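Visitor: Quick one: sequence plus predicted model below, questions after.
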Amino acid sequence: MRGLIKGLFILFSVIVITAALIKYNQPSFEKPIQKNPDTNYNEEISEKLQNTNFTKKIIVALRAAGYFPDSTIGYLIESPNNQAITIQLHNLDKIEKSTESEIQHIVNSIAETNDLQLFIVTIRLIDVH
């Protein structure tokens, strides 16, 4: 009887050790960390904006159209279909719909010329008083 108990104990121990080894030595099936595709697009668009002098082209075009933009332009790029640009203007009392439309057209014309997606344009007035 003693031999039977000893044999079962050894068998049980071998099964537990084998199961533990199998469990802890299995390869991990974790997904590798991938960059967010929008992050790649943000880097790509940022480089493209710099290489094409996009900001400078917009400022020059707006000044040629009689507007007085600030020398900086703000961008918010979430994806190719969700790109926003903020332009600050001097010397306007209020923004007319025609002004918004004209500036939107100027920005989008320059974007298309430089092979960029269209932007949602926001105009802010700077009070210089």
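Guide: Structure received. Since the model is a prediction, treat every value here as computed from it, not as a measurement.
Visitor: Helices of the protein, residue ranges please.
Guide: Using DSSP state H, the helices found in the chain span residues 2-24, 37-51, 54-64, 97-113.
Visitor: By mean pLDDT, show me the worst of those.
Guide: Lowest mean pLDDT within the helices of the chain: helix 2-24, a mean of 73.
Visitor: for it, packing partners?
Guide: Using 3 or more C-beta pairs under 8 Å, 6 or more residues apart in numbering; DSSP states H and E, no helix or strand is in contact with helix 2-24. Any C-beta I mention is one placed from the backbone N, CA and C, and that applies to glycine too.
Visitor: buried ones in it?
Guide: Within helix 2-24, no residue is scored as buried using 16 or more other C-beta atoms under 10 Å.
Visitor: Now do that helix: distance to the chain's middle.
Guide: 55 Å (C-alpha atoms, centre = their mean, to the nearest Å).
Visitor: Ok, stretch 43-55 next?
Guide: Worked out by C-alpha atoms, centre = their mean, stretch 43-55 lies 14 Å from the chain centre.
Visitor: Equivalent analysis for stretch 10-29, please.
Guide: 45 Å.
Visitor: any residues touching that stretch, and which ones?
Guide: Around stretch 10-29, nothing counts as a contact under C-beta atoms under 8 Å, 6 or more residues apart in numbering.
Visitor: repeat for stretch 45-62
Guide: Contacts of stretch 45-62 (C-beta under 8 Å, 6+ apart): 68-69, 71-73, 75, 77, 83, 85, 87, 89, 103, 106-107, 110-111, 114-116.
Visitor: one more time with 10 Å, if that's ok
Guide: 67-75, 77, 79-80, 83, 85, 87, 89, 102-103, 106-107, 109-111, 113-117, 119, 121 (C-beta atoms under 10 Å, 6 or more residues apart in numbering).
Visitor: For PyMOL, write a command that selects the buried ones of the residues you listed.
Guide: Typed into PyMOL, the line below selects the buried ones among the contacts of stretch 45-62, using 16+ other C-beta under 10 Å:
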select buried, resi 67+69+73+77+83+85+87+89+103+106+107+110+111+116+119+121
